[in-house]
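Peer 1: Next comes the sequence, and after it the predicted model I'd like to discuss.
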Amino acid sequence: MKNQELLLKHIRTKISNKQSLLEEIAQTLSISYDAAHRRVSGKTKFTIEETIALCNHYSISMDQLFLNGNNYILEKTKTIKSVLDFKDYLSNSVQILNRYKSAPSTAFYSAKDIPLHYTIGGSLLSKFKLYVWISMLNAEQNNKFEHFSLNTSMLEESSQLITIFNSVNRIEIWNDTTINSSLQQLMYFFEAGLINFDNALLVLEEIKQIVEKVEQLTQSKKTNFELFYNELLLLNNTVLFTNTDDTHYFIPHNMLSYYVTSDKNICNEEQEYIYHQLKNSKSLSNSGTKDQKIFFNRMYQKIEFYKTKIIQYIE
């Protein structure tokens, strides 16, 4: 069966018997009835843009429909090289994830670094993290942190993304190194003279506040949050959102860029892998006070170590 026939056959399964396929195609693509008839009859081929529009409208997975075997189609988010790129990244993420607010959903986060929903917003840390990302991805960015401006228009997208994460059941896997990259980035830019002493200490304090927040969530026994500790698993910042209707899997590409797929086979395999890893991890949310204190005190000790290094650096 040809690809166009296969797509039309799949669309027919998505509409009721009372609905006209020609009318559906015409309305979805904003084309005339005659133009829709030519496409349905096979006289005119769908363009790539039309195929994507139809698949999006009828929630059809292109990789499942057109590909066989081990070949899949992945969507890649835009590489972030500017503040505007980051704003678009947040906006696109919100657009994808908004569907998970309206139904009971779960987000699995393999936290190699501090999860994004803790580090975005209007804080000094969020500004520093964006400064680091852009500095590492854009060779033309060489301003000091104090001269770097944060676009306040991003606060709306940041707030929406945070709301989505707070509205779903969150299962996060951390280990002893989850905060390491943020601490090392801060020390690097401080030693390079790109962030001043006062701001470095303030950013460090905000990292500590995030750890305190996660500790409070872990101790609160909230039903929509569970923290796992895995000392062996190499975490990779992958994120899986799932509910009874949808699943999206985010795979890191570089820094903040991700490959995104809703392919059921890939997402199901990843969910099985996550469940297997959770069996080999310790739920700190369901552990005693001693285990919780051991884990979080290690992080506080690291933060104090870097605070001492920064203070001693200028003495």
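Peer 2: Yep, it's here. Because the structure is predicted, anything quoted here is derived from the model rather than measured. Numbers count the residues shown, from 1 in each chain.
Peer 1: can you pull out the helices in the stretch 201-315 of the chain?
Peer 2: Using DSSP state H, counting those that start in this stretch, the helices of the stretch 201-315 of the chain run over 264-279, 289-314.
Peer 1: domain ranges for this protein?
Peer 2: Structurally, the chain divides into domains by automatic domain parsing as follows: 3-60, 75-314.
Peer 1: Which one of those domains has the poorest average confidence?
Peer 2: For these, the weakest mean pLDDT is recorded on domain 3-60, namely a mean of 88.
Peer 1: Can you give the distance of stretch 187-205 from its chain's centre?
Peer 2: Mean-position distance between stretch 187-205 and its chain equals 27 Å (Cα atoms, centre = their mean, to the nearest Å).
Peer 1: just to revisit the earlier point, which of the domains of the chain sits most buried?
Peer 2: domain 75-314 (a mean of 17; mean count of other Cβ atoms under 10 Å). Any C-beta I mention is one placed from the backbone N, CA and C, and that applies to glycine too.
Peer 1: Now do the strands in this protein.
Peer 2: Along the chain, the stretches classed as strands by DSSP state E are 75-76, 106-110, 169-174, 225-229, 239-242, 247-254, 257-261, 282-283.
Peer 1: What strands flank the fourth one, and is each parallel or antiparallel?
Peer 2: The strands beside strand 225-229 in its sheet (DSSP bridges) come out as strand 169-174 (parallel), strand 282-283 (antiparallel).
Peer 1: Please name whichever of those strands is nearest to Leu84.
Peer 2: Nearest of those to Leu84, taken as Cβ to Cβ: strand 169-174 at 28.9 Å.
Peer 1: and the angle from that closest one to strand 106-110?
Peer 2: 10 degrees (axes from the mean of the first three to the mean of the last three Cα atoms, to 10 degrees).
Peer 1: With just CA atoms, put strand 169-174 into CSV.
Peer 2: The C-alpha coordinates for strand 169-174 follow below in CSV (Å, rounded to 0.1, in the frame of the first residue of the first chain):
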residue,chain,number,x,y,z
ASN,A,169,3.1,13.2,39.6
ARG,A,170,6.9,13.6,39.6
ILE,A,171,9.3,10.7,40.1
GLU,A,172,12.9,12.0,40.1
ILE,A,173,16.1,10.0,40.3
TRP,A,174,19.0,11.8,41.8
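Peer 1: hmm, back to that, export the strands of the chain as JSON lines, with columns for distance to Glu140.
Peer 2: JSON lines is the format used below for these (distance: least, Cβ to Cβ, whole Å):
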{"stretch": "strand 75-76", "distance to Glu140": "23"}
{"stretch": "strand 106-110", "distance to Glu140": "32"}
{"stretch": "strand 169-174", "distance to Glu140": "34"}
{"stretch": "strand 225-229", "distance to Glu140": "39"}
{"stretch": "strand 239-242", "distance to Glu140": "30"}
{"stretch": "strand 247-254", "distance to Glu140": "17"}
{"stretch": "strand 257-261", "distance to Glu140": "18"}
{"stretch": "strand 282-283", "distance to Glu140": "45"}
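Peer 1: Relative to Ala26, how far out is the residue in the chain sticking out farthest from the centre?
Peer 2: The centre of the chain is farthest from one residue, Asp34, which by Cα atoms, centre = their mean lies 42.3 Å away. Distance of Asp34 to Ala26, given as Cβ to Cβ, to the nearest Å: 9 Å.
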